[in-house]
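K.L.:
what follows is a predicted protein model with its sequence.
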Amino acid sequence: MLRITIELVPLGIESRAKVIATGTIANTGTGTPTSGDYRIELRDAAGRKWKSGHIEGFPRTRLLAWDLLYRALRKLVGNRNPTPDSAAHLVIDGGGKSQHQHKEPINDRPAVARNPQSP
């Protein structure tokens with residue numbers, strides 16, 4: 001089993017480190033010697049399950065644990081942080097200011113119609 005722990009370390013002071021998220025990637029035992037199947041669970045700071053899922057057919061003899069983590073995050077979290085090659089991305093102009101160009105929602109909630117006359 002792989003355990004992923006994300007810690008916040010304020011000002012780099014290790015004694016003040018605080019766990020803000022955890023995850024596990026566990027072998028289900030149903031793969032082959034070269035291709036693994038895994039169960040994934042991601043939890044928030046309070047230990048509540050946030051997302052869960054499965055990865056099947058991961059080429060474990062060819063790729064690294066980082067590749068398995070990447071696939072798990074891509075499957076469960078998706079494209080929450082867009083890049084220039086995605087439909088929505090951050091554009092930085094020459095003046096040092098940034099502006100967002102959105103063509104699709106970048107969060108998990110559906111877009112809500114907004115009344116242009118409301119504040």
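P.N.:
Looks like it came in fine. These numbers were taken from a predicted model, which means no experiment stands behind them.

K.L.:
helix, strand, or coil at residue 81?
P.N.:
When classified by DSSP: H, G, I helix; E, B strand; the rest coil, residue 81 comes out as coil.

K.L.:
do the same with residue 61
P.N.:
coil.

K.L.:
how much space between the closest residue to it other than its chain neighbours and residue 47?
P.N.:
Nearest residue to residue 61, sequence neighbours excluded (CB to CB, 6 or more residues apart in numbering): residue 34, at 4.8 Å. For every residue, glycine as well, the C-beta is placed using N, CA and C. Look at residue 34 and residue 47: by CB to CB, to the nearest Å, they are 34 Å apart.

K.L.:
right, and the residue nearest to residue 61 touches residue 58 too?
P.N.:
No - counting by CB atoms under 8 Å, residue 34 stays clear of residue 58, with 9.8 Å between them.

K.L.:
who's more crowded, these two?
P.N.:
With neighbours defined as other CB atoms under 10 Å, residue 34 and residue 58 compare such that residue 58 has more, 20 against 11.

K.L.:
beta-bridge partners for the more buried one, please?
P.N.:
For residue 58, the beta-bridge partners under DSSP bridges are residue 36.

K.L.:
please name the residues that touch it.
P.N.:
31, 35, 36, 37, 38, 67, 68, 71 (CB atoms under 8 Å, 6 or more residues apart in numbering).
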